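In: The sequence isn't on hand, but the structure is:
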């Protein structure tokens, strides 16, 4: 073997070795990335899934008309004002007659059931006023500390000073569990109510509706404007024109601008100059539209450019005008790609938090919005608010809300993939 051949073979051996090491490093990087992703998802689901179950306590309540200060025949307006809290307080004292210490009695009345217990009793009595005058067993939402303990997140072996559940409360819970008066149910409150200061009453419905209205405004504004801009720039704008080149460069630059800048722009222009109400889906949608426009424009231009020139030439050969060619041939063929880009842009907007903080959508909103001008928040901001809360029960609420957000993001990305697969054409 000549020296030249040996040198070539040695070089090839080193090159192949470098390639194998490079592939190995790439594989290790992928495995590490997937491991971190799996650890993150496992942590989120492990903390969030318990939030889908809620602790309820059964309590026999005597609906004495004298105690409620109403009768079954009274009007709904009077039944609304009945003293349901007094009936529940009397039922608790009757259920635990041995509680005489003032401190323990306050803990029994205020620390066992949720503050919504009187509203729960009111709704059931209003639904069936004939319950007044009888003694019935009712299931009430437990306090967040009780719920946390029942789910195993409070260690009863710790010293009493190191846990929020006292020894006398543990004795009450043991007695209730022994008599089958504690059970865990599917947490419908999480999906049917808005935000609350009390963790056991907090839900994501308000944030979901706020996200829906915000995304509706964003889509209604950004989609037609972005498609129109893409059609003009790709089909009608003169080539090598300084103004057109300037617009194209700025569109590409806007797609890379930090999202907080759009929030500052929305605060200065929409709120301070035009007077759009703060903390509403309207101003949130306007801000997200500014951020989403460049993304959809770029995707729409790419989809229009992908349509073969032969389609346009065939249309012109048949006597079609440029407008007819674009709207009857080019645009319908490019629409699948445009829709895919739009869905991905909307998914990106759904996960935004920073620009919406600047326009006041970080406010504490208890009521569920009913329109684009009602005060609202959205899911990412709701997650931010709950994660900043000191209450232990909000940890699982935060993770559960992240799961809901991930579900919608995955659904939107899956829809984009399915649309691309269904309508994709190979030229």
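Out: Thanks, I have it. These numbers come from a predicted model, not from an experiment.

In: Contacts for stretch 41-52 next, please.
Out: Under the contact criterion C-beta atoms under 8 Å, 6 or more residues apart in numbering, stretch 41-52 has outside partners 151, 153, 186-187, 190, 395-403, 406. The C-beta positions use only the backbone N, C-alpha and C, and glycine is treated the same way.

In: same check, this time on stretch 93-105
Out: 59-60, 62, 108-109, 168, 172, 175.

In: Now go through those and say which are in helices.
Out: Counted as lying in helices by DSSP state H, out of the contacts of stretch 93-105, are 108-109, 168, 172, 175.

In: Can you lay out those residues as CSV showing pLDDT and neighbour count?
Out: Listed next are those as CSV, based on pLDDT from 0 to 100; neighbours: other C-beta atoms under 10 Å:
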residue, pLDDT, neighbour count
108, 88, 20
109, 88, 15
168, 89, 16
172, 90, 23
175, 91, 13
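
In: Now stretch 152-169: buried residues?
Out: Within stretch 152-169, the residues scored as buried using 16 or more other C-beta atoms under 10 Å are 154, 163, 165-166, 168-169.

In: Which of the contacts of stretch 41-52 ranks first by neighbour count?
Out: Using other C-beta atoms under 10 Å as the neighbour test, the contacts of stretch 41-52 are led by residue 397, with 29 neighbours.

In: Isn't that one up against residue 189?
Out: No. Look at residue 397 against residue 189 with C-beta atoms under 8 Å: they stay out of range, at 10.7 Å.

In: re the thing from before, out of the contacts of stretch 93-105, which is nearest to residue 366?
Out: Ranked by distance to residue 366 (C-beta to C-beta), the contacts of stretch 93-105 are led by residue 109 at 23.7 Å.

In: any idea how far the closest one is from residue 143?
Out: Here residue 109 is placed at a distance of 11 Å from residue 143 (C-beta to C-beta, to the nearest Å).

In: And for residue 310?
Out: Plainly put, residue 310 is 71 Å away from residue 143 if you go by C-beta to C-beta.

In: With residue 327 instead?
Out: 62 Å.

In: Looking at these two, which is more packed in?
Out: Between residue 327 and residue 143, counting by other C-beta under 10 Å, residue 143 is the more crowded of the two (25 against 14).

In: Now do the contacts for that one.
Out: Residue 143 neighbours (C-beta under 8 Å, 6+ apart): 111-114, 200.

In: Any chance of CSV for the residues you listed, columns distance to residue 380?
Out: Conversion of the contacts of residue 143 to CSV gives the following (distance: C-beta to C-beta, whole Å):
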residue, distance to residue 380
111, 33
112, 34
113, 32
114, 27
200, 23
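
In: Where does the residue nearest to residue 342 when sequence neighbours are not counted fall, secondary structure wise?
Out: In space, and not counting its chain neighbours, residue 342 is closest to residue 296: 5.3 Å by C-beta to C-beta, 6 or more residues apart in numbering. If you go by DSSP states H and E, residue 296 is part of helix 281-305.

In: Show me which residues of that helix are buried.
Out: For helix 281-305, the neighbour count (16+ other C-beta under 10 Å) marks 281-301, 303-304 as buried.

In: My read is that the residue nearest to residue 342 contacts residue 340, right?
Out: No. With contact defined as C-beta under 8 Å, residue 296 does not reach residue 340; the gap is 10.4 Å.

In: how about low-confidence regions in this structure?
Out: Within the chain, the segments meeting pLDDT under 70 span 1-2, 424-427.

In: mind giving me the domain ranges of it?
Out: Domains of the chain are assigned by automatic domain parsing as 3-49, 53-194, 205-423.

In: Need the distance between the two termini of the longest one.
Out: In domain 205-423, first residue to last residue: 34 Å (C-alpha to C-alpha, to the nearest Å).

In: Just checking the distance from that domain to the centre of its chain.
Out: Remark: domain 205-423 is offset 17 Å from the chain centroid, using C-alpha atoms, centre = their mean, to the nearest Å.

In: Show me where the stretch 51-200 of the chain has its strands.
Out: Assigned strands in the stretch 51-200 of the chain, in chain order: 53-62, 135-141, 182-186 (criterion: DSSP state E, counting those that start in this stretch).

In: Would you mind saying which of those strands lies nearest residue 388?
Out: For residue 388, the closest of the strands of the stretch 51-200 of the chain is strand 53-62, at 22.4 Å, according to C-beta to C-beta.

In: Summarise which helices and strands the closest one is packed against.
Out: Packing partners of strand 53-62 (3 or more C-beta pairs under 8 Å, 6 or more residues apart in numbering; DSSP states H and E): helix 84-95, strand 135-141, helix 144-150, strand 182-186.
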